[in-house]
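*Asks:* 3D, please:
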Amino acid sequence: MKPDESKNSDPFLSPLPEDMKKFPRGPYEIFPSFTPRTGTITSGYGELSKKILKKIPSGLRVLMIDGYHGVDWFTFLANFNENLQSHGVNADLYNMEECLKDTVEIRRHAAEFLGGNDPLFGKHYPFGMEIFFKAEKISDFRIQASIFRGDKSGRLSIFYGCGAGLLELWDELWYIDIPKDTIQFASRNGKLTNLGENRILTFGDFYKRSYFLDWPALNRQKRQLLPEIDLLIDLRESDQPRAIDGIKFRKSLHELSETPFRVRPWFLPGPWGGKFTQDHMGQNPDEPNMAWSYELITPENGILLEKNGVQLEFSFDFLMFQESERILGKHAANQFKYEWPIRLDYLDTIDGGNLSTQCHPRPNHIRTNFGETFTQDETYYISNSKPGSKIYIGLKDSCDPDDFKKSLEESINKGIPIDIDNFVNSEPSKPHDLFLIPNGTVHCSGKGNLVLEISAMPYIFTFKIYDYLRKDLDGNLRPLNIERGFDNIYFNRKEEWVKENLIAIPELFREGNGWKEFVLYNKAFTFYNIHRAEFEREYNFNTQDKGFAANLVQGESVEVINENGRSAPLRYLESMIIPAAAGEVQVINKGEKPCKLILVYVRPEIGISQPLNDPSD
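*Replies:* Numbers count the residues shown, from 1 in each chain. I've put the predicted structure just below:
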């Protein structure tokens with residue numbers, strides 16, 4: 001019998017044996033969904049046409065169809081218009097692309113926010129979609145829409161494309177949403193470029209402009225239109241649109257705001273990626289590995305609604321635009337506005353390699369250079385590991401900053417690897433350890449870990465200072481940021497300081513019959529606290545007007561029930577949001593194994609008696 005075949009097939013095995021190479025599929029659900037009490041979800045172009053046919057006799061003359069960048073407008077309009085024509089409706093079509101500024105002009109305005117020659121970073125664009133459009137053309141389309149609204153009944157004019165809502169004058173407003181992973185995969189495959197751009201960009205250039213310019217502008221447009229949307233359309237599959245009535249959609253958002261729920265996660269391979277999540281979570285076996293998860297990175301996650309077996313996905317942003325106070329709680333919503341501030345994701349190095357050695361920016365650096373409102377403070381929770389695994393955190397006592405920097409620069413210039421252990425401190429890691437990584441701390445995960453990264457939401461501001469001369473999956477050396485890294489590193493965070501300050505020691509917070517709750521993290525380094533509930537059969541708590549990010553780090557499955565009786569399952573290694581409006585929450589163990597549940601929340605004092613980030617840092 002081969003060694004692998006003799007191993008325990010238990011998907012909850014922890015820690016993992018060194019020679020285990022195949023990891024059993026666990027209960028992790030890739031497509032979690034929420035079922036609203038009211039409304040229906042329709043599917044197909046025929047259903048969209050039916051909605052039009054019903055409304056033309058009652059005065060529908062102007063239909064505006066706005067949507068997110070990445071929508072396949074050509075396929076959508078071709079199918080929709082063909083279906084309308086089959087019912088005798090010959091609509092006049094007006095494409096918002098006619099109103100776009102010249103590509104050169106858009107590039108000129110965009111350049112102010114794209115960081116010059118910096119390959120990774122820019123600064124957030126602070127306004128709306130006017131940057132993309134000619135004012136006089138928008139005015140012309142708006143005048144036409146006004147004239148058509150006053151025309152005789154029976155004639156239908158459709159204005160469509162990103163920015164259609166700028167015209168303001170409509171009888172019916174539809175909005176087409178599309179997930180961020182769909183957008184990014186289309187760009188990686190050379191099928192999508194940025195709004196108003198006339199050439200296909202590299203994925204890095206596409207993503208940088210999307211993150212700093214296109215998406216902020218589109219999100220402001222989406223937020224303004226949400227209260228007036230008559231129909232929301234999910235166009236993940238361009239030949240099979242799913243739709244929900246706008247009023248019912250907003251009611252669904254309200255329901256979600258008091259109900260425990262999961263977002264739809266997605267995963268990406270990487271040069272250091274491992275094999276555990278690929279097997280355990282049922283990811284694409286054709287990929288070389290799985291490195292990152294977008295487990296709860298809400299700017300890029302969607303939420304699935306399901307009714308009668310039909311699913312519709314919408315972006316998480318919609319929920320925060322309408323229900324931020326009920327999701328976050330009053331005090332946190334005052335501080336964070338429409339941003340869910342807590343990030344959960346997995347870093348899988350089991351049978352993979354070390355991450356790049358890195359640090360994250362101090363608060364003033366991220367604000368002044370990138371336009372973010374708070375910085376990327378992290379923690380590493382070890383969900384699982386193999387023997388001998390470790391976390392790199394802080395610096396060796398013997399580390400001299402000048403020697404360290406010189407070695408890193410020589411490594412780049414001469415193509416010579418260095419032994420990072422000569423400079424960076426490491427600590428052994430095992431399941432359920434927690435390592436605190438406030439901004440400015442040199443760190444990375446070593447091989448052999450499944451890290452649940454619990455962090456503040458900013459998620460792209462990683463200053464890599466060493467990456468083993470390693471190439472990405474496209475064969476290119478990954479860019480380093482040694483200068484920025486050394487501008488932000490706290491060089492006093494060395495061995496003893498790390499042991500005293502950055503390795504969590506659980507402290508009992510409260511307990512009851514069959515359960516205990518521990519504080520893992522309650523320090524001024526960042527704005528969130530981390531607790532862990534450990535229980536045999538049941539655990540109860542009150543949100544006390546705080547929103548929680550949760551993860552089941554041990555146990556097979558639990559049922560999470562709010563005070564109104566709505567419930568949702570949470571399985572081993574899955575993440576969940578428990579809104580502030582959930583009130584009294586009951587967590588019931590549905591399996592045989594004892595459970596451990598991580599709970600992360602914003603401290604109520606933040607923005608009142610304590611700063612979001614210390615501005616003196």
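
*Asks:* burial count for residue 234?
*Replies:* Residues lying near residue 234 (other CB atoms under 10 Å) number 24. (Glycine included, C-beta is placed from N, CA and C.)

*Asks:* what of residue 609?
*Replies:* 8.

*Asks:* for it, what are phi and psi?
*Replies:* Here is the backbone geometry of residue 609 (degrees, to the nearest 10): phi -100, psi -10.

*Asks:* just the one 3 residues further on next, same as before
*Replies:* Recorded main-chain torsions at residue 612 are phi -60, psi -50, according to degrees, to the nearest 10.

*Asks:* that one is in contact with residue 335, isn't it?
*Replies:* Yes - if you go by CB atoms under 8 Å, residue 612 and residue 335 touch, sitting 6.1 Å apart.

*Asks:* mutual contacts of those two, please.
*Replies:* Shared contacts of residue 612 and residue 335 (CB atoms under 8 Å, 6 or more residues apart in numbering): residue 606.

*Asks:* list the residues that contact residue 410.
*Replies:* Residue 410 makes contact with residue 416 under the criterion CB under 8 Å, 6+ apart.

*Asks:* and it, which of the three is it?
*Replies:* helix (DSSP: H, G, I helix; E, B strand; the rest coil).

*Asks:* any idea how far it lies from residue 487?
*Replies:* Distance, residue 410 to residue 487, using CB to CB, to the nearest Å: 19 Å.

*Asks:* same check on residue 426?
*Replies:* 24 Å.

*Asks:* for residue 593, same thing?
*Replies:* 47 Å.

*Asks:* and if you look at residue 122?
*Replies:* From residue 122 over to residue 487 the distance is 18 Å, taken as CB to CB.

*Asks:* neighbour count for those two, which is higher?
*Replies:* Ranked by neighbour count (other CB under 10 Å), residue 122 and residue 487 place residue 122 first, with 21 against 15.

*Asks:* close enough to count as contact, that one and residue 210?
*Replies:* No - counting by CB under 8 Å, residue 210 is not a contact partner of residue 122; they are 10.5 Å apart.

*Asks:* joint contacts of these two?
*Replies:* Shared contacts of residue 122 and residue 210, defined by CB under 8 Å, 6+ apart, are absent.

*Asks:* end-to-end on stretch 26-44?
*Replies:* Taking CA to CA, to the nearest Å, the first and last residues of stretch 26-44 lie 34 Å apart.

*Asks:* now that stretch: buried residues?
*Replies:* 26-29, 32-34, 36, 39, 41-44 (16 or more other CB atoms under 10 Å).

*Asks:* out of those residues, which one has the weakest pLDDT?
*Replies:* Within the set of these, pLDDT is lowest for residue 39 (89).

*Asks:* so what secondary structure elements neighbour the helix or strand containing residue 183?
*Replies:* Residue 183 is part of helix 180-188 when elements are defined by DSSP states H and E. If you count contacts as 3 or more CB pairs under 8 Å, 6 or more residues apart in numbering; DSSP states H and E, helix 180-188 packs onto helix 203-209.

*Asks:* only alpha carbons, please: show stretch 141-159 as CSV.
*Replies:* This file holds the C-alpha atoms of stretch 141-159, laid out as CSV (Å, rounded to 0.1, in the frame of the first residue of the first chain):
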residue,chain,number,x,y,z
PHE,A,141,-28.7,62.1,-25.3
ARG,A,142,-30.5,63.6,-22.3
ILE,A,143,-32.5,66.0,-24.6
GLN,A,144,-33.4,63.1,-26.8
ALA,A,145,-34.6,61.0,-23.8
SER,A,146,-36.7,64.0,-22.8
ILE,A,147,-38.3,64.3,-26.2
PHE,A,148,-39.0,60.5,-26.4
ARG,A,149,-40.6,60.5,-23.0
GLY,A,150,-43.1,63.1,-24.4
ASP,A,151,-43.7,61.1,-27.6
LYS,A,152,-46.9,59.1,-28.3
SER,A,153,-47.3,55.7,-26.6
GLY,A,154,-46.0,52.6,-28.3
ARG,A,155,-42.6,53.8,-29.3
LEU,A,156,-39.7,52.4,-27.3
SER,A,157,-36.2,53.9,-27.0
ILE,A,158,-33.4,52.1,-25.2
PHE,A,159,-30.3,53.9,-23.9
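
*Asks:* ranges for the helices of the stretch 1-150 of the chain?
*Replies:* Taking DSSP state H, counting those that start in this stretch, the helices of the stretch 1-150 of the chain run over residues 45-55, 73-86, 103-111, 135-149.

*Asks:* for the closest residue to residue 360 other than its chain neighbours, helix, strand, or coil?
*Replies:* Nearest-residue entry for residue 360: residue 376, 4.1 Å, with adjacent residues in sequence omitted and distances by CB to CB, 6 or more residues apart in numbering. Classification of residue 376 using three-state DSSP returns coil.

*Asks:* so where's the stretch 1-150 of the chain shaky on pLDDT?
*Replies:* In the predicted model of the stretch 1-150 of the chain, residues 1-8 satisfy pLDDT under 70.

*Asks:* whoops, the stretch 301-450 of the chain was the one
*Replies:* Residue ranges of the stretch 301-450 of the chain with pLDDT under 70: none are present.

*Asks:* now do the strands in it.
*Replies:* 302-307, 310-315, 342-348, 357-359, 378-385, 390-395, 424-428, 434-437, 443-445, 449-456 (DSSP state E, counting those that start in this stretch).

*Asks:* if we can go back for a sec, so who does the residue nearest to residue 360 touch?
*Replies:* 360, 361, 366, 439, 455, 456, 458, 459, 461, 462.

*Asks:* how close does it sit to residue 383?
*Replies:* On the measure of CB to CB, residue 376 and residue 383 end up 20 Å apart.

*Asks:* again with residue 519
*Replies:* 19 Å.

*Asks:* among the two, which residue is more densely surrounded?
*Replies:* Remark: of residue 519 and residue 383, residue 383 carries more neighbours, 24 against 16, as counted by other CB under 10 Å.
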